[in-house]
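> curious how this folds, go ahead:
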Amino acid sequence: MREKILIVSNVTAGLYSFRSELIKQLSEEFEVIIISSDNGRKDSLEELGAKVIIKDFDRHGTNPVKELGLVSFYKKMIKEIKPLIILTYTIKPNIYAGMAACSLGVPYVANITGLGPAIENGGILQKISLTLYKFGLRKAKKVFFQNSSNLEFMKKNKVVRDGQYDLLPGSGVNLSKYTPLPYPENETVDFLFISRVVKEKGIDQYLDAAKAIKEKYSFTRFHICGDCDENYKAVLDELNEKGVIIYHGRIDDIASMHLINCCTVHPSYYPEGMSNILLESCACARPIITTDRPGCGEIVDDGINGFVVKQKDSEDLIKVIEKFLSLSVKERETMGLNGRKKVEECFDRQIVIDKYMGEIKSEL
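Down below sits the predicted model:
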């Protein structure tokens, strides 16, 4: 009988998008069981060889009874499954599945995919979150961080101890799936915003820039790909109808959008782990414009593979886009190729897989 690996996360889509290669490799040697809520990728994960147990929960809920119920559920499942090791991703699984694993003496590896607004915004919620993290991670075999800023913050607040943590290059990027594409030489210059359409991802700044740049440079086009927060639906519909933006909704095959994309614009001030959008754009040899936020700033080298823009600053974004437009097609292409070279050297997903396999193999 094969040993079992238990993976706990918040949603199936995130696992499929960023952990598929790891899950597939694990399934060749182990019985892989996933506990997650489903947002459309249960069947896809099972095609990789995993068994998926659906557990819905409120990712933003704070009801203590329900939260304790989640710990009890994880404990029950761990007792039934008897895994060799548990891999947890995202905030609540890291904390509550960590608590459950800790109480049962089962080895577990957590991945901090970003600190989240509760910690980022400070105040009482930050104190509560850090206390919960201390309980959830106190006996973790390893805690992986996706950027050094998050790591230093958690060290400073004594959430992790020396020797317990390691740094990953985000989720890494699949360099075989996202390959360098010929740089567009169309009559238009197309910009691409790929993200959930929420305030913290810099959508307001992108829309401000689209309005200003489109009026001055009629040959530009501003695309938006991603699920839309209800607060922005009417705004996007109106701007789409006026021709200021082109809203595509959620696109599964993002690589196809890069065929027309001249530059990815990601003016995020969200507490990222490491921006997969930027990694995938660079892998496709596309220049990037982004902020120096942790999780974004590590990917961009100003003037080399893109440009840095100030956070929450529409005027600066407009200025930087105009700077990009002043470049020749050859200069833009070179920026994109520089981005590809950087992800090949620093952000290959195989680096992530190898680190996980090392932790798992040490338990055999």
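> Pro83 reaches Ile5, doesn't it?
Yes - using C-beta atoms under 8 Å, Pro83 is in contact with Ile5, at 6.0 Å. The C-beta positions use only the backbone N, C-alpha and C, and glycine is treated the same way.
> can you work out which residues contact both of these two?
Common contacts of Pro83 and Ile5 (C-beta atoms under 8 Å, 6 or more residues apart in numbering): Ile33.
> what are the C-alpha coordinates of the lowest-mean-pLDDT helix or strand in the chain, in PDB please?
When each helix and strand of the chain is scored by mean pLDDT, DSSP states H and E, helix 117-120 comes last, with a mean of 85. The C-alpha coordinates for helix 117-120 follow below in PDB (Å, rounded to 0.1, in the frame of the first residue of the first chain):
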ATOM      1  CA  PRO A 117      -5.300  42.200   4.400                       C
ATOM      2  CA  ALA A 118      -6.000  41.200   8.000                       C
ATOM      3  CA  ILE A 119      -2.300  41.300   8.800                       C
ATOM      4  CA  GLU A 120      -1.400  43.900   6.300                       C
END
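> could you point out the helix or strand that follows it?
Counting by DSSP states H and E, the next helix or strand C-terminal to helix 117-120 is helix 123-137.
> helix or strand next in line after that following helix, which one?
Reading on from helix 123-137 to the C-terminus, the next helix or strand found by DSSP H and E is strand 142-145.
> pull the CA atoms of that following strand into PDB?
The C-alpha coordinates for strand 142-145 follow below in PDB (Å, rounded to 0.1, in the frame of the first residue of the first chain):
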ATOM      1  CA  LYS A 142       8.800  23.600   7.300                       C
ATOM      2  CA  VAL A 143       7.200  26.900   6.600                       C
ATOM      3  CA  PHE A 144       7.800  28.100   3.000                       C
ATOM      4  CA  PHE A 145       7.600  31.800   2.300                       C
END
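> now do the buried residues in the helix or strand just after it.
For strand 142-145, the succeeding helix or strand toward the C-terminus, using DSSP H and E, is helix 148-156. Along helix 148-156, these residues count as buried under the neighbour rule (16 or more other C-beta atoms under 10 Å): Ser149, Asn150, Leu151, Phe153, Met154.
> got the contact list for helix 148-156?
112, 114-115, 119, 133, 143, 145, 160, 165, 167, 273, 294-295, 298.
> those in strands, which ones?
Residues of those located in strands (DSSP state E): Ile112, Val143, Phe145, Tyr165, Leu167.
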